[in-house]
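**Q** Provided below are the primary sequence and the corresponding predicted coordinates.
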Amino acid sequence: MSHTVGEKVYAKWPGSNLWFPAKILEPMEYGYEVEFHDGTVDSVKLRNVKATATFRSKTRSRSRSRGRGRSKSPARTTKAKPSPSPTRRSRSTSRSRTANSKKAVTTTKTTTTIVSSSNTGTTPQRHSARIAAIQQVKCVPMIQEAEEHKKLIYVSTKTTTKESDADVLTHGSVILFLTAVFLPVLVYGLNLMCKGKRCTLRAFPDCPNKLCDYFNLNSALAFFGWYAFQVVLALIPAGRVVDGQPLKGGRRLKYRLNGLFALIVSLVAFGVGVYLKYPVNFVRQNWIQLMSTALVFSFVQSVYLYLRARKATPGALAPKATGNVVSDFFLGRELNPCIGSLDLKFFNELRPGLIGWVIINLCLLVEAYQSKGGSLPVYPLAMVTFFQFLYVADSLVFEEAILTTTDITREGFGFMLCFGDLVLVPFTYTLVTRFLFFNPQQWPVGTLVAIGFLALLGFLIFRGSNSQKNQFRRNPYDPALAHLESIPTSSGRRLLVSGWWGLCRHPNYLGDLLMALAWSLPCGFAHGLPYYYPIWMLVQLVHRQYEDDQWCRKKYRAAWDRYCERVKYRLVPYLY
């Protein structure tokens, strides 16, 4: 029987015969990753996970069988005649007693056993029955006291847990609300402080005071036209169709992987526009207006997602859905909101913002080329544009990998992802190329080669480690991976301790950081704002690394400790 993400089940605790309530977190090849009722996360095999209804029905079935087995006791079978007797009457009475007379029933049963044993004339049975009767009478008050104590503990724990959860939810809502306010301020601040020749943290940015400085019709038409263009490309039947991860109820969404096709068509359309002499400086001249339109659209889309999620079935909700307005609006309430065959979260993750990042860079590069009368633009701008394009193209070539990420399998689709995909990526990740456009830098060829080598090294580490991980997950017994060492875990999975994953625990994060640093180095060291992206990535990835380590420690326990002994460094070998 297959189980789905978020389903409540009973799972056997690894290394024991005890079953506990649990929740399915992620299906695996040989079992499931579950979260037990006490918060422990572990992997269990298929046969050690049972549906709640099935488990309960089997439990009731066994208890009835034991009841029938007790009715055929030796004391009863020794009776030769079915005539009324104290023994028979006491059994009949004990079955009809209520829970309020347990002690009396126990006494009656004890007497019955003794009488029956005396009729058989077997002294050992009479002696055993007498001892059992004494022990049973002594145990009854202790059992009743223990039950009462258990009830008190349960009620106290339940009350404390509810109060604690309410406090955490309230504090979390305040933090999420402040974050939702801070993020737009951050994006506006970065872009207003880095405007034209000035790009510094020392001076307060000049804030426009006219509405037309934030919104205009042409910018709105350009943004919505771009978004609609990407929707059309996503719906074109090009590329293969794959199944997503199992949802509640066993359903799997279908995904068409045509991200690379969308990128190529977008590049061709951009080239046609340049050939037809469409003004590429439109993006630079309407930068704040395009960004404001994207911000408003991400907010409106988040409101729509929240309202539609209020009517969604429980099986369609994200694991983190709480019912709290602020939390569900910011983090997302519905896991995979779809309009027809279009998964909005999957689409927003890779298409309008990520491909838009490439197009914005190309607009700045072409404008720099045209402004110099057709001569070659400054090389740092061209080099950064190339390596950022390589990064985006890699994401779209390996588009299927995103279907197993946390964003798709566990996170809801709310303001956090909407804002990140449509505003943060295209309007802050391009800060370096905008700086190089307004502030051209001249570097010796050797310096540019060294920076390019660092960017290429980061990309190779990033792609090599991710490919090695994905290949090992699909088939750990692949002959091509026979040279790699791994550590077994209680869940059946193995942890790589050699290859890329022997350098540090998160080599893919290391590659990300090296690329981010290499993209900012051509800007020089006179200004700090161009280093926003590597600083942002460092904070984000260190936090994610900490969460990943905590998750793996709960999941793999002793195996993770052995892994940490083998792979000592978290992100940077010999440093951290």
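**A** Arrived safely.
**Q** Where does Pro440 sit: helix, strand or coil?
**A** When classified by DSSP: H, G, I helix; E, B strand; the rest coil, Pro440 comes out as coil.
**Q** So which elements touch the host helix or strand of Tyr10?
**A** Element membership for Tyr10 (DSSP states H and E) is strand 8-12. With contacts taken as 3 or more C-beta pairs under 8 Å, 6 or more residues apart in numbering; DSSP states H and E, strand 8-12 sits against strand 19-27, strand 31-36, strand 49-51, helix 52-71. Bear in mind the C-beta positions are built from the backbone N, C-alpha and C, glycine included.
**Q** If we use 7 Å, what do you get?
**A** With contacts defined as 3 or more C-beta pairs under 7 Å, 6 or more residues apart in numbering; DSSP states H and E, the packing partners of strand 8-12 are strand 19-27, strand 49-51, helix 52-71.
**Q** Worst mean pLDDT among those?
**A** Among the helices and strands packed on strand 8-12, helix 52-71 has the lowest mean pLDDT, at a mean of 51.
**Q** So which bits of whichever strand or helix holds Gln471 are buried?
**A** Following DSSP H and E, one finds Gln471 within helix 445-474. By 16 or more other C-beta atoms under 10 Å, the buried positions in helix 445-474 come out as 448, 451-452, 454-455, 458-459, 461-463, 465-466, 468-469, 472.
**Q** and it, what other elements does it pack with?
**A** The elements that helix 445-474 packs onto, with contact taken as 3+ C-beta pairs under 7 Å, 6+ apart, are helix 379-397, helix 507-520.
**Q** on that earlier part again, which one of the buried residues of helix 445-474 is nearest Pro319?
**A** Nearest to Pro319 among the buried residues of helix 445-474 is Lys469, at 23.3 Å by C-beta to C-beta.
**Q** one step back: avg pLDDT for the next helix-or-strand element following the helix holding Gln471?
**A** Under the assignment DSSP H and E, the closest C-terminal helix or strand after helix 445-474 is strand 486-488. Taken as a whole, strand 486-488 has a mean pLDDT of 81.
**Q** Give the buried residues for strand 486-488.
**A** Neighbour counts over strand 486-488 (16+ other C-beta under 10 Å) mark Ser486, Ile487 as buried.
**Q** Could you point out the helix or strand that follows that strand?
**A** Heading C-terminal from strand 486-488 (DSSP H and E), you reach strand 494-496.
**Q** who does that following strand touch, helix- and strand-wise?
**A** On a contact count with 3+ C-beta pairs under 7 Å, 6+ apart, strand 494-496 meets strand 486-488.
**Q** Partner strands of the strand it packs on, with direction?
**A** strand 494-496 (antiparallel) (DSSP bridges).
**Q** Touching the partner strand from outside, list them.
**A** Phe472, Pro476, Leu484, Ser486, Ile487, Pro488, Thr489, Tyr556, Ala559, Tyr563 (C-beta atoms under 7 Å, 6 or more residues apart in numbering).
**Q** switch the cut-off to 6 Å
**A** By C-beta atoms under 6 Å, 6 or more residues apart in numbering, the residues outside strand 494-496 that reach it are Phe472, Pro476, Leu484, Ser486, Ile487, Pro488, Tyr563.
**Q** so what's the third one up against?
**A** Residues near Leu484 by C-beta under 6 Å, 6+ apart: Leu496, Ser498, Gly499.
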